[in-house]
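K.L.:
Predicted structure and sequence below. I'll ask about it afterward.
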Amino acid sequence: MKLDSAGLRVLSHEECLRLLSLTPIGRIVFTDRALPAVQPVNFHLDGDEIVIRTAVGTKLAVATRRAVVAFEADEIDWESRTGWSVTAVGRARAVSDPAEIKRLSALPLVSWAPGSHDHFIVIQAEQLSGRRISPEEPAT
């Protein structure tokens, strides 16, 4: 078991993907008017790509076109002081191919926000890292 400098267990690439597949909510970090912006989103892991469904013309849809973004998802149990966090960094792309839109529309991904959400953003993670804290790991 590999620990980082803070004593947290470092997760493998495969474990990061497995954990991302288990949670429906994450946060995307993008640039909005030259400043960092963070927005919670629901998502679906499609293979090793993170798929987000949003409305055309939203701030998120416009800001993430061919941009490098960060994405983070986690699960924390406050009472037991356990949990995990996975971070991905990669290029986001707007999906415009009709065949790919049709395929992504069939995924179990329904936006929690009201309104029409027919625009897909796909993030291909170029960097994927994760950490886990659990009772058996040494405290720092």
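P.N.:
Now that the structure is in, tell me what you want to look at.
K.L.:
so how far is stretch 72-87 off the chain centroid?
P.N.:
When distances are taken as C-alpha atoms, centre = their mean, to the nearest Å, stretch 72-87 is centred 14 Å away from the chain's centroid.
K.L.:
hmm, who's touching it?
P.N.:
Stretch 72-87 has contacts (C-beta atoms under 8 Å, 6 or more residues apart in numbering) with 11, 16, 19-20, 22-23, 25-27, 29, 43, 70-71, 88, 127-135. C-beta here means a position set from N, CA and C on the backbone, and glycine is covered the same way.
K.L.:
my guess is residue 123 meets residue 70, correct?
P.N.:
No: taking C-beta atoms under 8 Å as the contact criterion, residue 123 and residue 70 are not neighbours in contact, 9.1 Å apart.
K.L.:
Overlap of the contact sets of the two?
P.N.:
Common contacts of residue 123 and residue 70, defined by C-beta under 8 Å, 6+ apart, comprise 28, 88.
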